[in-house]
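Asks: Got a predicted model here, sequence first, then my questions.
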Amino acid sequence: MSRDRLTVVVAAYNEADSLPLLHPRILAALEALDGVDGRVLYVDDGSRDDTWRVLGGFAHDPRVALLRLSRNFGKEAALTAGLDRIDDGAALILDADGQDPPELIGAFVEQWRAGFDDVHGTRLEREGEGWLKRSTAHAFYRVIGRLSKTPIPADTGDFRLLSPRALAALRQLRERHRFMKGLFGWVGFNRTSIAYHRGSRVAGASKFDFWRLWNFALEGITSFSTAPLRLAMYLGLMTAAVAFAFGAWVVVKAMLWGDPVAGYPTMMSVILFLGGVQLIALGLIGEYLGRLYEESKQRPIYLIDEWLPATGVC
Ligand code: UDP
Ligand code: MG
């Protein structure tokens, strides 16, 4: 009987310091698996440090595959590139910084064996991250949970195992703006979560500063919900109703009591208010239009510089 295969996919961007610490842990976890042929695929997302050289040092192992993108495309594109290379078995996504403990791989595989297609890790707490990041992350998951019709589990990162059929389904989604948490949710199938303690990075610094996280949040909301557009419409309707009522009142007032020139403050506030509402609505439409434009160009999601598949011969 042929053994099931599991490929661990790790996207790495400037992770030369953490990879040497992580790699032995992944290999140990793969060796501990029972009846599963474990592989690991590293995707170098255009790192500018020694990451590619460090990865080269792992390549003698027949279980290791290496992929290098032509530049930094971002984590979501790097993961997509990795998942696209897996032609057999299940995939497990892991961060390169040790925040997702490889020691849990066995528990993920157990759930997969029990028939689940999407096993995701849910963070119990986030060590080594400030209260601001924790509270904004918390708020983000609540907002997107309310706005999006696609189920997106809260406090769940990309630490996840996908069965072969879930993986095949995910690979059909070729959109350029890839909000992975949402894409996983869209795929569906049998899902379960594993709670875990998310520790601090083993080395290096986080690649996501606030500006990047803010854009990431925008990405998530605009990719998985058109609620902001609807909100803009309601806001527009409401202000229009108030504006009409006020207009009628001005006319009636002028007819009943004449029209002495007055009301500069009222006029200014009305103009500014209407202008503001219009600009907000336009900006919102612009957000969606920009994304439409990006999609319409049909560019590839990533470009590959080098691909060294696992030889698999021990
Ligand atoms: N990453 C990547 N490309 C990028 C940014 C990040 O492949 O452009 C990888 C990074 O190497 C790490 C993972 O994505 O393996 C998560 O990044 P990080 O730990 O910086 O994010 P955080 O845990 O702080 O949210
Ligand atoms: Mg991290």
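Replies: Structure's in. What do you need? Residues are numbered from 1 along each chain as shown. Ligands and ions are numbered 1, 2, ... in the order given.
Asks: that's a strand at D158, yeah?
Replies: Yes. Assessed with DSSP: H, G, I helix; E, B strand; the rest coil, D158 lies in a strand.
Asks: confidence score at it?
Replies: On pLDDT, D158 comes in at 86.
Asks: Tell me where the protein has helices.
Replies: Along the chain, the stretches classed as helices by DSSP state H are 19-31, 51-56, 75-84, 105-113, 131-147, 164-170, 180-187, 210-224, 227-257, 264-296.
Asks: Quick one: closest of those helices to V43.
Replies: V43 lies closest, by Cβ to Cβ, to one member of the helices of the chain: helix 75-84, at 4.4 Å. Glycine gets a C-beta too; all of them are placed from N, C-alpha and C.
Asks: Could you list the buried residues of the closest one?
Replies: By 16 or more other Cβ atoms under 10 Å, the buried positions in helix 75-84 come out as 75-84.
Asks: And those, which is closest to ligand 2?
Replies: K75 (9.8 Å; Cβ to the ion).
Asks: Contact partners for that closest one?
Replies: Residues near K75 by Cβ atoms under 8 Å, 6 or more residues apart in numbering: 11, 13, 45, 158, 207.
Asks: any idea how far the nearest residue to the last one once chain neighbours are set aside is from A81?
Replies: So the one you mean is K207. Distances taken as Cβ to Cβ, 6 or more residues apart in numbering place Y13 nearest to K207, at 5.5 Å, with adjacent residues excluded. With the distance defined as Cβ to Cβ, to the nearest Å, Y13 ends up 12 Å from A81.
Asks: do the same with A168
Replies: Noted for A168: a distance of 16 Å to A81, by Cβ to Cβ.
Asks: quick one on the thing from earlier: and which of the buried residues of helix 75-84 is nearest S296?
Replies: Using Cβ to Cβ, those come closest to S296 at A77, 18.0 Å.
Asks: if I read this right, that closest one contacts L303, doesn't it?
Replies: No. Look at A77 against L303 with Cβ atoms under 8 Å: they stay out of range, at 9.6 Å.
Asks: which bits of this structure sit near ligand 2?
Replies: Applying Cβ under 5 Å from the ion, we find that the chain lies next to ligand 2 at 97, 99.
Asks: low-scoring stretches of the chain, by residue?
Replies: 1-2, 126-129, 313-314 (pLDDT under 70).
Asks: End to end on stretch 96-115, go ahead and measure it.
Replies: One end of stretch 96-115 to the other measures 27 Å (Cα to Cα, to the nearest Å).
Asks: right, is that stretch up against ligand 1?
Replies: Yes. Stretch 96-115 is in contact with ligand 1 by Cβ under 6 Å from any ligand atom, via 96-97, 99.
Asks: Number of residues surrounding the residue of the stretch 51-200 of the chain found nearest ligand 1?
Replies: Across the stretch 51-200 of the chain, no residue is closer to ligand 1 than A96, which sits at 3.3 Å (Cβ to the nearest ligand atom). Each residue near A96 was counted by other Cβ atoms under 10 Å, and the total is 29.
Asks: ok, now L235?
Replies: Neighbourhood size, L235 [other Cβ under 10 Å]: 14.
Asks: So it versus Q111, what's the distance?
Replies: Taken as Cβ to Cβ, the span from L235 to Q111 is 44 Å.
Asks: cool, and L284?
Replies: Computed as Cβ to Cβ, the L284 to Q111 distance reads 40 Å.
Asks: do L231 as well
Replies: In terms of Cβ to Cβ, L231 sits 38 Å off from Q111.
Asks: A29: neighbouring residues, count only.
Replies: By other Cβ under 10 Å, neighbour count at A29 equals 22.
Asks: whoops, I mixed them up, P309
Replies: By the criterion of other Cβ under 10 Å, P309 has 13 neighbours.
Asks: which residue packs closest to it, ignoring adjacent ones?
Replies: Computed as Cβ to Cβ, 6+ apart, the closest residue to P309 that is not its neighbour in sequence is A65, at 5.1 Å.
Asks: can you pull the contacts of the one you found?
Replies: A65 sits next to 7, 39-42, 85, 308-310 when contact means Cβ under 8 Å, 6+ apart.
Asks: rerun at 10 Å
Replies: 7, 9, 39-43, 58-59, 82, 85-86, 307-312 (Cβ atoms under 10 Å, 6 or more residues apart in numbering).
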